[in-house]
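Trainee: Have a look at this fold, sequence not included:
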């Protein structure tokens, strides 16, 4: 039993999985202006960013796009120097349709990946007993309705059906094994939520936007846990396979934005986001048939704030240039910093362009970079401390059809 307790203790620190796996890349127009899109009110991606603005569209619009995100992460160990992660590229996608039913009513649907993360380290690195890889991906499907009350004010909302998947790999420090045991967890689940939006156009130049995207709790059942290279001394307590259950809550997000058209060509937007990561206060892995394998971890995540600013300059009716920036505060406390999600304060810088090929088709491109400031922290349960620093290169493309 003492050996089992030591094994479970070794598993505890892996789940410092916390705030910061939110992906802000759900539309190329939005990304290119730093995500400050709540009050921008244009394009089919308003289905996600502000349903209240959908009913202000003059024509129906469809958008399809994706973003390539390459992230480099380094861990500075107090013992072994610098270690570089081998993170796979993330490719979140988005598809939206905003269909104009009447002069005041629009309906639509959106599909995207608002939460997405994958951190991977070498199998034999010094933190292998904490995490070798942690991957989480959520896909949201959102049918949406919008009503324009008058020429100034619109409201909208939609239901969210989400699917989520998580993969986790780590080494197990068991005696009598060379080099070590191995554990792999895989699980999927579904969740539900909603999205609400208000859009106010107070004159020809100025707009306000307010949105609420609810938390989505992914209830995951009957996941597969595989244990390999386990010595026979553990065979009675550690099976080669087992099933487990868990739940992961993606937080609610409140966004408030302001947009102003300073000239016929220049529009500037500002936005504040508030994400309720504190609702993610624990992460528990329950093995119904092997309760001694249960893992229960407390969370100390805090709510976080992100500020955004962006601008668009229309050189002609067919060609727009955009720039944007965002500053996002970390939600993971310093004493829960772990290699499966080495989060810190970060800054996002983006630029992009839009071009209208004809009366129906247009395209958008975005380039950018995201810098995670170096942060020193520890995870006391694993007796692991050090500094983490990450940076990302971003490139995206989107195609739009107006009809």
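Mentor: Okay, I see it. Because the structure is predicted, anything quoted here is derived from the model rather than measured.
Trainee: all strands for the stretch 51-200 of the chain, in order.
Mentor: Secondary structure of the stretch 51-200 of the chain (DSSP state E, counting those that start in this stretch): strands located at 61-77, 81-84, 93-100, 105-120, 133-148, 153-172, 181-201.
Trainee: For residue 348, find the nearest of those strands.
Mentor: Proximity to residue 348 (CB to CB) singles out strand 61-77 among those, at 11.2 Å. (C-beta placed from N, C-alpha, C; glycine too.)
Trainee: just checking, what packs against the closest one?
Mentor: For strand 61-77, the elements it packs on are helix 28-32, strand 81-84, strand 93-100, strand 361-379, strand 384-402, judged by 3 or more CB pairs under 8 Å, 6 or more residues apart in numbering; DSSP states H and E.
Trainee: again, 7 Å this time
Mentor: strand 81-84, strand 93-100, strand 384-402 (3 or more CB pairs under 7 Å, 6 or more residues apart in numbering; DSSP states H and E).
Trainee: What mean pLDDT does it get?
Mentor: On average, the pLDDT along strand 61-77 is 91.
Trainee: List the buried residues for it?
Mentor: 61-67, 69, 71, 73-75 (16 or more other CB atoms under 10 Å).
Trainee: before we move on, what about stretch 220-229?
Mentor: 220, 223, 225, 227.
Trainee: Tell me the gap between it and the middle of its chain.
Mentor: The chain centre lies 24 Å from the centre of stretch 220-229; the measure is CA atoms, centre = their mean, to the nearest Å.
Trainee: What is the burial count for the nearest residue to residue 88 once chain neighbours are set aside?
Mentor: Leaving aside its chain neighbours, residue 88 sits nearest to residue 118 (5.2 Å; criterion: CB to CB, 6 or more residues apart in numbering). By the criterion of other CB atoms under 10 Å, residue 118 has 18 neighbours.
Trainee: you'd agree residue 118 is up against residue 87?
Mentor: Yes. With contact defined as CB atoms under 7 Å, residue 118 and residue 87 form a contacting pair (6.3 Å).
Trainee: tell me which helix or strand of this protein sits lowest on mean pLDDT?
Mentor: Lowest on mean pLDDT, DSSP states H and E among the helices and strands of the chain sits helix 2-11, with a mean of 41.
Trainee: hmm, who's touching the helix or strand containing residue 353?
Mentor: Per DSSP states H and E: residue 353 is located in strand 346-356. Identification of contacts with strand 346-356 by CB atoms under 7 Å, 6 or more residues apart in numbering yields 28-29, 31-32, 34, 318-328, 362-373.
Trainee: try 6 Å
Mentor: The contact list for strand 346-356 (CB atoms under 6 Å, 6 or more residues apart in numbering) reads 31-32, 34, 318-328, 362-372.
Trainee: Pull out the buried members of those residues.
Mentor: Buried by 16+ other CB under 10 Å: 31-32, 34, 320, 322-326, 328, 362, 364-366, 368, 370, 372, out of the contacts of strand 346-356.
Trainee: Spatially nearest residue to residue 273, not counting backbone neighbours?
Mentor: Nearest non-adjacent residue to residue 273, counting by CB to CB, 6+ apart: residue 306, 4.2 Å away.
Trainee: List the contacts of that neighbour.
Mentor: Contact analysis of residue 306 by CB under 6 Å, 6+ apart lists 273, 326, 328.
Trainee: Make JSON lines out of these and add pLDDT, secondary structure and distance to residue 206.
Mentor: Shown next, in JSON lines, are these (pLDDT from 0 to 100; DSSP: H, G, I helix; E, B strand; the rest coil; distance: CB to CB, whole Å):
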{"residue": "273", "pLDDT": "96", "secondary structure": "strand", "distance to residue 206": "20"}
{"residue": "326", "pLDDT": "95", "secondary structure": "strand", "distance to residue 206": "22"}
{"residue": "328", "pLDDT": "91", "secondary structure": "strand", "distance to residue 206": "26"}
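Trainee: Surely residue 272 forms part of a helix?
Mentor: No. Counting by DSSP: H, G, I helix; E, B strand; the rest coil, one finds residue 272 to be strand, located in no helix.
Trainee: Beta-bridge partners for it, please?
Mentor: residue 256, residue 307 (DSSP bridges).
Trainee: low-scoring stretches of the stretch 301-403 of the chain, by residue?
Mentor: The stretch 301-403 of the chain contains residues with pLDDT under 70 at 333-341, 377-383.
Trainee: let's go with 80 and repeat that
Mentor: 301, 331-344, 375-386 (pLDDT under 80).
Trainee: repeat for the stretch 1-150 of the chain
Mentor: 1-24, 77-80, 126-127, 130.
Trainee: try 70
Mentor: 1-22.
Trainee: what's the most buried one of the helices and strands packed on strand 61-77?
Mentor: Burial of those is given as mean neighbour count (mean count of other CB atoms under 10 Å); strand 93-100 ranks first at a mean of 22.
Trainee: partners of that strand in the sheet?
Mentor: Strand pairing (DSSP bridges) places strand 93-100 next to strand 61-77 (antiparallel), strand 105-120 (antiparallel).
Trainee: Can you name the residues bridging to residue 241?
Mentor: Beta-bridge partners recorded for residue 241 (DSSP bridges): residue 226.
Trainee: Look up how far residue 183 lies from it.
Mentor: 11 Å (CB to CB, to the nearest Å).
Trainee: again with residue 309
Mentor: In terms of CB to CB, residue 309 sits 44 Å off from residue 183.
Trainee: Pick out whichever of the two has more residues nearby.
Mentor: Neighbour totals were compared for residue 309 and residue 183, and residue 183 leads with 22 against 17 (other CB under 10 Å).
Trainee: Look up the residues forming beta bridges with that one.
Mentor: Beta-bridge partners, per DSSP bridges, of residue 183: residue 170, residue 227.
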